[in-house]
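Student: take a look and give me a structure for this.
(chains A and B)
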Amino acid sequence: MFSGGGIEKKGKIKGISQLGSISSSSSTGGTTSSSSSSHSNKSGSSSSCSNNSGSSSSGSTPPGTPPHVQMASHESLNSESKSSSLNSKLGHESAGSPSAGSPSPPKSACSSSSTSTDQQHHHQLSHVLNATSKMTVRDGTRTLRPDEPSLVPGEHLEGTAREVTYLCPYTGPKKGTLSVTSYRLYFRSPDTDPPFELEVPLGVVSRIEKVGGANTSRGENSYGIEIFCKDIRNLRFAHKQENHSRRMVTEKLLQHAFPASHKLPFFAFEYCEQYPENGWSVYEPIAELKRQGLPNESWRITRINEEYELCETYPAVWAVPAAASEHDLRNVAVFRSRGRIPVLSWIHPESQATITRCAQPLVGVSGKRSRDDECYIQHIMDANAQSHKIFIMDARPSVNAVANKAKGGGYESEDAYQNAEVQFLDIHNIHVMRESLRKLQEVCYPHIDNAHWLSNLEATHWLDHIRCVLSGALRIADKVESHKTSVVVHCSDGWDRTAQLTALAMLMLDGYYRTITGIAVLIEKEWLSFGHKFAQRIGHGDDRHQDADRSPVFLQFVDCVWQIMKQFPHAFQFTEDLLITVLDHLYSCLFGTFLYNSERERMEKEVKTKTVSLWSLILSNPSDFENPLYNPATRHHVLFPLTSIRHLCLWDKYYCRWNPSMRQQEPVHIRFKELLHVKGQLEKRVDELRKELAARQTHDSPRVASAIV
Amino acid sequence: MSSYRRSKPPGGFKAYVDFVEFEERPIDVPEEIEYGKAEPQLLPGEIVIAEANNVLKFAPLKTNKTGISGTLFITNFKVSFVTSLPVDSKNLRMINFSFKFTPAGEDLRVAQALLHHAFPPSIDHLFLSCGYPPPPPGIPDFCMAQDWERELQRTRCPNWRVSKHNEFFNLCSSLPTVVVVPRDLLDAQLEQAAQHFQGTRPPVWCWGSLAGAALVRMAQISPSITDKMSVTKSMGTLKRRKLEEVSQQQENRMMGLVHRCHPKKLQPTILDLDQILPSLKDIQISYIKLRELHTPDDPSQFWEQDRHYYSRWESSRWLSHVSKCLDVAQSAATAILHHNSSVILQESEGRDLSAIISSLVQLLLDPQARTMRGFHCLIQKEWVSLGHPFSARLGHTRNDVEEQCPLWLLFLDCVYQVSVQHPSSLEFTSEYLVALWHAAHCSLHSSFMFNSVNARHTASAVLQRENPHQPIYLRPVWSWWAESYNPPGKKQNGPSEDNLKRSSSREAFLNVHYIQNLMESLSASGAFRRISDPLSSAYHTWHRIESLLGGAGSLPFDSTATVVPLQLDASLRVDVTWSSLKPWQDCFCAWVSEPATLTLNELESTLKRSSPTSQHWKHLYQMYNTLKNHLSEGLTNGVIA
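Tutor: Numbering: from 1, shown residues only, chains lettered A, B, ... in the order given. This is a model prediction of the structure:
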């Protein structure tokens, strides 16, 4: 639609609100204030029509779906009226409404939205909004008002502040109501049509700052709070000083955004949604090893770490060379940093070449050696009959590896380890990565300097780092696939760069990990069970935003997956929506999946029994993430992506998603869903017709078929 | 294309260097070569001019300077090195040859021949493929009155007429024999007016809407009018000034006519492209920078460039040119659509930037221009027929380096940006655009070889004189579709392409999302019922799908199709901010392969990379068949009337 300013602008506002305009529907309908209802009546524009019809239909979404639909991440309805109407049609039909198959009547849907308030969602018509500055704090066991968010099971409304202004960097200030719940921050402004909504899970918050003092601040909108988020955006809210609402909001925000610092439980422990699938059972270590063909004559499964005594950051179950005894394992653990000894990650189904992972050896300045460690590496090499060589991939730049000797670490010397070749992969440490992401955020949010966009992007070196990680993983995959040689991977501690490399190499080598279940298994296995310190790297519920242990290591991995996906669009069963959902819930603390630093800690906190798994959400709604272009035959392909920067690009759908101008005009993922949907529908109708035909033929004599061609 | 295989080193070649990758054969081998003879396969009319034995072809970007040994042939069409690769550094590709092991003397001859034939002194010397059967009908070439009449009829733009006054190119040599001019303009007036414009190009209509807004291309008035008036003697400044006044009057008069053509007599919008768009020189400079960025000499340079890849893209300013073109096109489209105002694109000779803008405006406004056939028509009309000087701008001949400027690429890049922002609105893919760029460098087809229709006629006449016994047909590039072999642009497309079979070009060039869109519009309830009614849009949509997916080998266009009137209800809008424009890597990186960091054979990895491309199509065919079953069963059932 070649629309002029008006409609488009509305669309963009809609876009920004982001939080599934879908979930917002019920409250849209419930707006009883005379001013806002007249708003929606006035608008006969197609965009508002389709939005409303889209949202009204999804009001009947079953309770199993909300959180991901509501997630701010989900690129919701697009500004283009065409696509949004398609979307609404889709939502309509998939929700099983009686009128499925016929386009929803546009005008009536429009007007109905302001009157049809019978959806079970929490509001009473008797509530009449008088825009007072009254602030309400109540418990969660009551009906919600229309300007309050619909809650997920276990969520409580903590406080509401009216007459708050959200200073949107793109569309200007919006006045409305700010609510804080135990899970999220919710802002709604009825001034625009459709109402502007903003929703941020509190887990995403990294820092909250008060702007403007009680006496010092002058001018409009200078007194308020600024919220810095982990998902590359900052939000500013202006409060009215005389309302005294800021204090309550800040208090509640601090408390619920940083539960760990306040000795409170994460919201994940309160969230009690029921999903048809149980995501906690997606990864069973023994079953996964069995899938890889283990145990076999040269590899065995050991439970030596059952109590997490030998290595507290490793999982309970390991696969190790059969030739190494339990005693050997204990000896090797002494020589490896934090007892993280080489353990199998992946074995090639044909050549038996393996990828094993570990931490750096404790060589130190004196150049210590361990006979047991040397033997152990030899065992790993011997387990693969195809090659008489083994590669040790040290993820660090060689200078850093040398420097680590001073701290008692180091790397394997080729003299001590016969037949081993050490290669350095030049991937920088967590501090460099954090700095790079910080720069990237500056470039992407809130405004993009168009004239210098590409050079600014280059100056962040983000793509450089992505290239390093990818080409390192590529090198590992190449050694295993083409040389049939086993590879040992480590960095310093073996939980950051090592996890990136092994997981990416496995993704390239084994098509199983490119399925929806497979990626869950891969993340559970290589990242969670092998002790990537999610709590530390993300800083879940922690208010020390400058903590030097924070770093976007996992984000980088997901970015690399996206880069591979972009080069091989048919080789993945899932779409980028899955990756974005994973990243959103990495921060949200809605699910227990990414909480804590290691398998042991999660066992202690009984995460599996007390929280819901992210994979429950994903596995229960596979159609939201399914790639219709997936070719299952690629399961047996090995992917070798191109890794030069000219073949990489910024994942703007993730990093620039808050910027309405960077949003694609015609979102492909909606097309994807349509494709699946239309195909299903057609098949169904053909089936019906066939049955009907069969039924008729039993009565009449068959007529001659004439095609229309 | 499917000729890649792990072949043994053929006996005819001697290896002088210890080859790491001796088995490598370029993936883009167009024809099967008989190794024993070591001779290139020649096209009809192609002659070997020079040859050199034992030449090394260096594999691109290998540090150790390994290469393949073979015989290098220079023909009047291509450089052939075992495999017939059209050598062409003009479209971002470099091939290094070493004559180190070549018998003395031969190298000199080869170099001379290459120089002579790659940059022929005049267009007549350019190899033009001939001796083929006549091209199939289908695409109007906009050289005949009926094509323009049809276009007028389709757009329903009132008050314009077809003039045949340029029949012998006497009015203007760079315009076709027929042009569309204001209805009130007499041929005599046209002739008179033409004299006052640069290149004697009077304003011509190229597109319009039912409401009356027309898109007109017009040259600037001629500054050196004196020469053409042949009143040279003792021309005083006074007289000159007077002549300028006359020219000015003519320009005003023409604009007045355009103004009067508008049914509502709305003031036309005049866009002076020379002022608002970058100069051809700037564009060429940007292009040269990009070309350097994409033709590294060795791996170290490759990685060095790679490190600064994006900032170099930015400093080339190419995307800013793309952005400006799209922006101007957008504002012209807005004027036509929202203000119903005619737009006059004025430019020095009206053959370069105005072609870009005019085509883009139509792409944005006219849904038909987004189909395969419509896009062909658009290019044929705006670029070929209205005389974009392809030969001069792309440097097909030797003499005019100054005039070179890849406007054609700039246009294709703009279209690419539209396709990125609207993935399902164009019927063709970006691969197709890449192929069109390559086609402009490959003289197999004549469309993009000449400066004008007139030049093409002349060249064809020369060829005919040389071969009096055989009818000569210069084939337009559009005949690809119907030809049984893969189109040349596709062949050159090398590693980024799959080894697809015969139907490949169709799969690579047709945009699945677009067809999907068609299908969706059909499967919307109610449409089925109207499908057998020839007056309904469902009927046309179904036939379109049929022609795209159904009959193999047939053109996706039907020359006898009734004129479907233009509807302006589905215009596109593009975001022209720089950050939303993407570097067109598919095109610019087509020839640079990444220096091998793997031990794995480079070719093997690329094969693996591109293997499952047809997944899209499998789905599509499934949908198509389901739909078809559905329809035929529906008919049997009487469900569909």
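Student: low-scoring stretches of the stretch 201-350 of chain A, by residue?
Tutor: Along the stretch 201-350 of chain A, segments meeting pLDDT under 70 span A:214-218.
Student: show me where it has its helices.
Tutor: Remark: helices assigned in the stretch 201-350 of chain A by DSSP state H, counting those that start in this stretch are A:245-257, A:285-291, A:326-335.
Student: what of the stretch 101-250 of chain B?
Tutor: Using DSSP H, counting those that start in this stretch, helices in the stretch 101-250 of chain B cover B:106-118, B:145-155, B:187-194, B:225-229, B:237-261.
Student: isn't A:Lys479 up against A:Phe391?
Tutor: Yes - contact criterion CB atoms under 8 Å: A:Lys479 and A:Phe391 qualify, at 5.3 Å. Any C-beta I mention is one placed from the backbone N, CA and C, and that applies to glycine too.
Student: higher neighbour count, these two?
Tutor: Neighbour totals were compared for A:Lys479 and A:Phe391, and A:Lys479 leads with 25 against 21 (other CB atoms under 10 Å in any protein chain shown).
Student: still on that earlier bit, which one of the helices of the stretch 101-250 of chain B lies closest to chain A?
Tutor: Among those, helix B:145-155 comes nearest to chain A, with 17.2 Å by CB to the nearest CB.
Student: got the contact list for the closest one?
Tutor: Helix B:145-155 has contacts (CB atoms under 8 Å, 6 or more residues apart in numbering or on different chains) with B:140-142, B:160, B:162, B:164, B:178-180, B:207-210, B:368, B:381, B:563-566.
Student: who's in contact with the helix or strand hosting A:Ile355?
Tutor: Assigned by DSSP states H and E, A:Ile355 belongs to strand A:354-358. The contact list for strand A:354-358, computed with CB under 8 Å, 6+ apart, reads A:299, A:336, A:340-348, A:380, A:383-384, A:476, A:480, A:486-490, A:494, A:498-499, A:502, A:505-506, A:530.
Student: pull the number of nearby residues for B:Gln585.
Tutor: Count around B:Gln585 with other CB under 10 Å applied: 18.
Student: backbone torsions only: list them for residue 430.
Tutor: Reading this off chain A. The phi/psi pair for A:Ile430 (degrees, to the nearest 10) reads phi -60, psi -30.
Student: how about it, what does it touch?
Tutor: Listed by CB under 8 Å, 6+ apart, the contact set of A:Ile430 reads A:Asp496, A:Arg537, A:Asp549, A:Ser551, A:Val553.
Student: list the buried residues for the strand holding A:Ile355?
Tutor: For strand A:354-358, the neighbour count (16 or more other CB atoms under 10 Å in any protein chain shown) marks A:Thr354, A:Ile355, A:Thr356, A:Arg357, A:Cys358 as buried.
Student: angle of the helix or strand following that strand against strand A:354-358?
Tutor: Proceeding N to C from strand A:354-358, the next assigned helix or strand is helix A:371-382, under DSSP H and E. Computed by axes from the mean of the first three to the mean of the last three CA atoms, to 10 degrees, the angle separating helix A:371-382 from strand A:354-358 equals 160 degrees.
Student: hang on, the earlier thing: give the residues shared as contacts by A:Lys479 and A:Phe391.
Tutor: In terms of CB under 8 Å, 6+ apart, A:Lys479 and A:Phe391 are both contacted by the residues A:Thr485, A:Val487.
Student: show me the helices in the stretch 301-450 of chain B, by range?
Tutor: Under DSSP H, counting those that start in this stretch, the stretch 301-450 of chain B gives helices at B:309-316, B:318-338, B:353-365, B:372-379, B:390-394, B:407-421, B:430-439.
Student: and those as JSON lines, adding distance to A:Leu639, mean neighbour count and mean pLDDT?
Tutor: Below are the helices of the stretch 301-450 of chain B laid out as JSON lines (distance: least, CB to CB, whole Å; neighbours: other CB atoms under 10 Å in any protein chain shown; pLDDT from 0 to 100):
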{"stretch": "helix B:309-316", "distance to A:Leu639": "22", "mean neighbour count": "20", "mean pLDDT": "93"}
{"stretch": "helix B:318-338", "distance to A:Leu639": "30", "mean neighbour count": "21", "mean pLDDT": "95"}
{"stretch": "helix B:353-365", "distance to A:Leu639": "35", "mean neighbour count": "27", "mean pLDDT": "96"}
{"stretch": "helix B:372-379", "distance to A:Leu639": "32", "mean neighbour count": "23", "mean pLDDT": "87"}
{"stretch": "helix B:390-394", "distance to A:Leu639": "37", "mean neighbour count": "22", "mean pLDDT": "86"}
{"stretch": "helix B:407-421", "distance to A:Leu639": "24", "mean neighbour count": "23", "mean pLDDT": "94"}
{"stretch": "helix B:430-439", "distance to A:Leu639": "21", "mean neighbour count": "25", "mean pLDDT": "83"}
